[in-house]
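Participant: Sequence first, predicted coordinates after that:
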Amino acid sequence: MKNIAILCSGGDVSGMNPALKHFVEYSIQKGLTPYFVYNGYEGLIDDDMKEASYSDVSGIINRGGTKIGSARSQRFREKKYRDIAKQNLDARGIDMLVAMGGDGSFKALDIFYKESGVRFCGIPATIDNDINGTDYSLGVDTALNIIKVSIDAIRDTASSFRRAFVIETMGRDCGYLALISHLTSGSELCLIPEVDYDLKKYEQEFKKQIKNGRRYFIAIVSEGIKQDSSEISEWFESVIGMESRVSILGHIQRGGNPSTYDRLMAYKLVNKAIDGLLDGNQMSVICYTKSGFEFKTIEEVTSKKKELDPELLSYLERF
C-alpha cells in the first residue's frame, strides 16, 4: 500500500476543507493510505503528521479555513531543514505529496523534489487568483461571493446617507477580485494595479451625475494600487464634493462557508492531483483553463506574473 500526504501552505482559503475531505475519501478508494501534514512545511520539519481517516474529515465540508492549519515556513528555505523533512517522510513511507497553496509554495516543493525525489502535485489555492497558468484558484469563488454580499450591504447605507464608499479588496498586486466585483456589482469606479488611472478624468462626469440626482458612489479598489484608499476617499470629499467613507474588507474575504463551486472544484482538483501522481507525474501543478484541466510545470506557473483576461480588462476600459 502506498502512502500519500496533503498539506496547506501560505494563506488559507475556503475550499481547503472540502479538498481535505475528498483527499481522504479518494485516497482510500484508490488503495492509498492518506496522511495529513499539519501547519504546512513546518509540519514536515517538526514531524507533525498523522494518518487520516474518515472520522478526521467528518463535518468539515461546510467550514472555511483548513482543519490541518497552514503556515509560511522560513526554515524550509534551508537545506538542512528540508533534509529533516525528507527523513520524516521516509519514516512513514510517504513519497507523494499534494500541496494546496500559491506559486511560492510550488517553488519550494520544486527544490524539494530535485533534492529528495518526493513527487508532488500542486493545487492552486489563493483568493488573489494570481497564479500564472490557471484561470481559477481554489477559494476565489467564495471570496467573490463574500465581497458581493459586503458591497450590497454597504450600498444600502451609502444611498441612505448620500455618501461615497471606497471598498478595498485583497489581491496584492493582482486586481482580479476588484475587477470581477466591479463588473458584477454595478459600482461607479474601479481602480486596479494593472491599469493606470487619472482621477481627474472622472471629475466632470461624477459632478454631472450628482447634479442629475445621484445620491451615492461605490468605488472598488484593489489593495495594490498606487494610492491608499483613504486618499481616494479624500478625493471624493474635496474634489467631487460628497461625504466619503472607507471600508477595508480585509481577511473577511478569506473565510466563510465554501461556495458550491469551490466545493465542486476542490473535488475535481483533488481527483486530478491524485490520478496524476498515480499515473507517474513527478512534479506538476493541476491548473484549470478554458481548455479544461491541465498539468503544468513549475516553470510555467512561476516564470512570470499572471495577466488578467484581456476581455475583462476591455470591459473596464470601455466603462
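Facilitator: Okay, I see it.
Participant: quick one: contacts for Ile286?
Facilitator: Cys121, Gly122, Ile123, Pro124, Leu269, Lys272, Ala273, Gly276, Phe293, Glu294, Phe295 (CB atoms under 8 Å, 6 or more residues apart in numbering). For the C-beta atoms, the positions are set from N, CA and C on the backbone; glycine is no exception.
Participant: what about 10 Å?
Facilitator: 98, 121-124, 134, 268-276, 293-296 (CB atoms under 10 Å, 6 or more residues apart in numbering).
Participant: Go through these and flag which are in helices.
Facilitator: Counted as lying in helices by DSSP state H, out of these, are Lys268, Leu269, Val270, Asn271, Lys272, Ala273, Ile274, Asp275, Gly276.
Participant: Just the buried ones from these, in PyMOL syntax?
Facilitator: Per 16 or more other CB atoms under 10 Å, the buried members of the ones in helices among the contacts of Ile286 correspond to this PyMOL selection:
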select buried, resi 269+270+271+272+273+274+276
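Participant: just for the protein, where's the confidence low?
Facilitator: 318-319 (pLDDT under 70).
Participant: Which residue ranges make up the domains of it?
Facilitator: Per automatic domain parsing, the domain ranges recorded for the chain read 2-139+258-304, 141-254.
Participant: Which of the ones you listed has the highest mean neighbour count?
Facilitator: For these, the largest average neighbour count (mean count of other CB atoms under 10 Å) is found in domain 2-139+258-304, namely a mean of 20.
Participant: Could you tell me how far it lies from the centre of the chain?
Facilitator: 14 Å (CA atoms, centre = their mean, to the nearest Å).
Participant: first to last residue in stretch 290-307, what's the distance?
Facilitator: 15 Å (CA to CA, to the nearest Å).
Participant: And for stretch 4-12?
Facilitator: 21 Å.
Participant: Helices of the stretch 151-300 of the chain, residue ranges please.
Facilitator: 176-185, 200-211, 229-235, 260-278, 298-302 (DSSP state H, counting those that start in this stretch).
Participant: Val285 is nearest to which of these?
Facilitator: Nearest of the helices of the stretch 151-300 of the chain to Val285, taken as CB to CB: helix 298-302 at 5.1 Å.
Participant: Check which helices and strands that closest one sits against.
Facilitator: helix 103-116, strand 119-124, strand 283-289 (3 or more CB pairs under 10 Å, 6 or more residues apart in numbering; DSSP states H and E).
Participant: List the contacts of that helix.
Facilitator: Against helix 298-302 from outside (CB under 10 Å, 6+ apart): 102-104, 106-111, 113, 120, 122, 124, 131-134, 283-285, 287, 294, 296.
Participant: switch the cut-off to 7 Å
Facilitator: Asp103, Phe106, Lys107, Asp110, Ile131, Asn132, Gly133, Met283, Val285, Cys287 (CB atoms under 7 Å, 6 or more residues apart in numbering).
Participant: CA atoms only: put that helix into PDB for me.
Facilitator: Taking Å, rounded to 0.1, in the frame of the first residue of the first chain, the C-alpha atoms of helix 298-302 are listed here in PDB:
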ATOM      1  CA  ILE A 298       6.500  24.700 -12.000                       C
ATOM      2  CA  GLU A 299       8.300  26.900 -14.500                       C
ATOM      3  CA  GLU A 300       5.100  27.500 -16.400                       C
ATOM      4  CA  VAL A 301       3.300  28.800 -13.300                       C
ATOM      5  CA  THR A 302       6.100  30.600 -11.600                       C
END
